[in-house]
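**Student:** show me how the following folds:
(one chain, ligands or ions: 3)
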Amino acid sequence: MKTELKFESIESLQAELLVVLAADASTSKEKNAIAKPILLTRDSAVASVDKPALQSGEFSATVCETLLLYAPAELKAKRLLIVGAGKAAKLSPAEVRKAAGAAVRFAKPRSIRQVTFVLPEHDGLDLAGVARAAVEGAFVGDFDPDTYKSDRKDRSIEQFTVVATGRADKPAVEAAFREGVILGESQNFTRALVNEPGNRLTPTMLGERAAAMCKEQGLPCEVYSTDKIKELKMGAFWAVAQGSDEPPALIVMRYEPKDAPKDGPVLALVGKGITFDTGGISIKPSEGMEKMKYDMAGGAAMIGAMRAIAQLKPKVRVIGIVCSAENMPSGKAYKPGDVAIAMSGKAIEVLNTDAEGRMVLADGLHYAKQLGATHLIDAATLTGACVVALGMVNAGVFANDEDSYEHFKKALAVSNERFWRLPLEDEYREMIVSDIGDIKNTGGRYGGAITAAMFLKEFADETPWLHLDIAGVAWVEEQKPWIAKGPSGVAVRSIVEWVRSYE
Ligand code: BES
Ligand code: MN
Ligand code: ZN
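**Tutor:** Ligands and ions are numbered 1, 2, ... in the order given. I've put the predicted structure just below:
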């Protein structure tokens, strides 16, 4: 998808599909309030076109609601698509992101290949933030997961043009627009990885994809395998990896800007990269097991985030680490009752081989500290318990440090991704104390997302650390107007924003 930013009035625009947003200006105070849709542009050309349509009562401007007008006489555009953005009083970049995605997803099945999106103007709405969100939303909407259909028709949008009318702060809008392109592309890069099935994306192949991305973006990258994992004494990571005929991959990506202060922070992004999770000897039920191809979504988010960071160039050092393996049952597989000695020296009693994510991350987090990380963030499709707790709306976030969490909260205000903080308190630690060793890899039925996080906390130790459990939101189970069913690319935008907050 090519993108372009124009500062122009609408009247003279040639467009296949001109998209203008509308919001509902009615207030809830009014009794039996019927919607009062208003167009979110001050450009006079559109105003006359829309009147009958908006006053018809057929369109209430709810989020992503669409209304198509064909060949409006007053405009040069072939079609005018009005997209709802919800209540005018609550309008924010979040709704604009969705509306842009919905516009693109309106165009795609109709084989409309060019979309011209008018940036909405409304009191108090930051035009730069809206420009960024619109571009992100367009990329998100443009992605479809049907990669392997033999009769696949690529209907992706060729050209997405953003039009700023009125008096925009040009440099700010231009910069935000550029950021939107980088983040949208990077999120889709992650989604393409997550979409790949286990046979087409083994740990080795994930390593190759990461290395290729790094080469393209000019980032140093090393991809290690069995020998290095053994040499580093990553006994927890190896315990999982040993069961598969596919060799594991330890991916290390670096972003080292020359202009970062010498004694500044070093941020490490650590991702779970299980390319397929059968559960191992504690094998999962066959129903739904196919979904476990997305068990590398945390790792893929880190690779996508590194891609965006390479382009956005914040003045802060970042290390990306992905611990990738396949969790398989076999004659070589680790077993319940086994004791694995992690790189940190901690003895882990394996109660359930299906709790493999925390095993690989334990060594990933410890290694990150050895490489000099001062701040850690990990992302993982870690627990079904997190899905039980928060459903498919919010991901879980855990923190051992208030300052890191504050940075993350600020990042969420920009990314508009949904994370809900869950507790990490000492009482939960008792649930993972082992009789034979230091800790067990499961803490029983209750509070499963928390005990998994407590396990990871042992390895982050004193280093400020955030843990993102994205099990419930890494895969969109039901398509929405702005996003296809399939990989969501969640966490990329939030992680990148978090990194930038340390600049
Ligand atoms: N990859 C799964 C978690 C998961 C579940 C991701 C659902 C996405 C959707 C993880 O490795 C796992 O199997 N966790 C177990 C842990 C348990 C054995 C303590 C779980 O959640 O059941
Ligand atoms: Mn598992
Ligand atoms: Zn898993």
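**Student:** any idea how far the closest residue to ligand 2 within the stretch 101-250 of the chain is from ligand 3?
**Tutor:** Among the residues of the stretch 101-250 of the chain, residue 240 lies closest to ligand 2, at 9.2 Å counting by Cβ to the ion. (C-beta placed from N, C-alpha, C; glycine too.) For residue 240, the distance to ligand 3 (Cβ to the ion, to the nearest Å) stands at 9 Å.
**Student:** can you check residue 471 too?
**Tutor:** Distance from residue 471 to ligand 3, by Cβ to the ion: 8 Å.
**Student:** is it correct that that residue is in contact with residue 382?
**Tutor:** Yes: Residue 471 is within contact range of residue 382, at 5.9 Å (criterion: Cβ atoms under 8 Å).
**Student:** thinking again about what came up before, pLDDT at the residue of the stretch 101-250 of the chain closest to ligand 2, what is it?
**Tutor:** With respect to pLDDT, residue 240 has a value of 99.
**Student:** next: residue 419.
**Tutor:** In this model, residue 419 carries a pLDDT of 98.
**Student:** let me see the ranges of the helices in the stretch 301-450 of the chain.
**Tutor:** 357-370, 384-390, 402-415, 426-429, 448-460 (DSSP state H, counting those that start in this stretch).
**Student:** what's the most buried one of those?
**Tutor:** Comparing those by mean neighbour count (mean count of other Cβ atoms under 10 Å), helix 357-370 comes out on top with a mean of 27.
**Student:** what mean pLDDT does the helix ranked longest in the chain get?
**Tutor:** Longest helix in the chain, counting residues (DSSP state H): helix 170-195. Mean pLDDT, helix 170-195: 98.
**Student:** quick one: buried residues of the next helix or strand after that helix?
**Tutor:** The C-terminal neighbour of helix 170-195 among helices and strands, as given by DSSP states H and E, is helix 203-217. Buried residues in helix 203-217, defined by neighbour count with 16 or more other Cβ atoms under 10 Å: 203, 204, 205, 206, 207, 209, 210, 211, 213, 214, 217.
**Student:** distance between the next helix or strand after helix 203-217 and the chain's centre?
**Tutor:** Next in sequence after helix 203-217, counting helices and strands by DSSP H and E, comes strand 221-224. Strand 221-224 has its C-alpha centroid displaced from the chain centroid by 23 Å (Cα atoms, centre = their mean, to the nearest Å).
**Student:** which residues are in contact with the helix or strand following strand 221-224?
**Tutor:** Going down the chain from strand 221-224, the next helix or strand is helix 226-231, by DSSP H and E. Contact with helix 226-231 is made by 237, 238, 241, 247, 248, 250, 363, as judged by Cβ atoms under 8 Å, 6 or more residues apart in numbering.
**Student:** ok, the fourth one touching residue 225?
**Tutor:** Think residue 247. Yes: contact criterion Cβ under 8 Å: residue 247 and residue 225 qualify, at 4.7 Å.
**Student:** how is this protein partitioned into domains?
**Tutor:** By the assignment in automatic domain parsing, the chain contains the domains 2-168, 213-500.
**Student:** give me the residue from the stretch 301-450 of the chain nearest ligand 2.
**Tutor:** residue 354 (3.8 Å).
**Student:** quick one on the thing from earlier: export the contacts of helix 226-231 to a markdown table and tack on secondary structure?
**Tutor:** Putting the contacts of helix 226-231 into a markdown table (DSSP: H, G, I helix; E, B strand; the rest coil) gives the following:
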| residue | secondary structure |
| --- | --- |
| 237 | helix |
| 238 | helix |
| 241 | helix |
| 247 | coil |
| 248 | coil |
| 250 | strand |
| 363 | helix |
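**Student:** need the max-distance pair from those residues.
**Tutor:** 247 and 363 (15.8 Å; Cβ to Cβ).
**Student:** most tightly surrounded among the domains of the chain?
**Tutor:** It is domain 213-500: most buried of those by mean count of other Cβ under 10 Å, with a mean of 21.
**Student:** by mean pLDDT, flag the weakest helix or strand of this protein.
**Tutor:** helix 44-55 (a mean of 80; mean pLDDT, DSSP states H and E).
**Student:** now whatever helix or strand comes next after that one: how far from the chain's centre is it?
**Tutor:** For helix 44-55, the succeeding helix or strand toward the C-terminus, using DSSP H and E, is strand 66-70. Distance, stretch centre to chain centre, for strand 66-70: 31 Å (Cα atoms, centre = their mean).
**Student:** and strand 66-70, which strands flank it?
**Tutor:** In the sheet, strand 66-70 lines up against strand 79-87 (antiparallel) (DSSP bridges).
**Student:** where in this protein is pLDDT low?
**Tutor:** For the chain, the stretches with pLDDT under 70 are 29-32.
**Student:** tell me the bridge partners for the residue in the stretch 251-400 of the chain positioned nearest to ligand 3.
**Tutor:** Using Cβ to the ion, the closest approach of the stretch 251-400 of the chain to ligand 3 is made by residue 277 at 3.7 Å. On the basis of DSSP bridges, residue 277 is bridged to residue 327.
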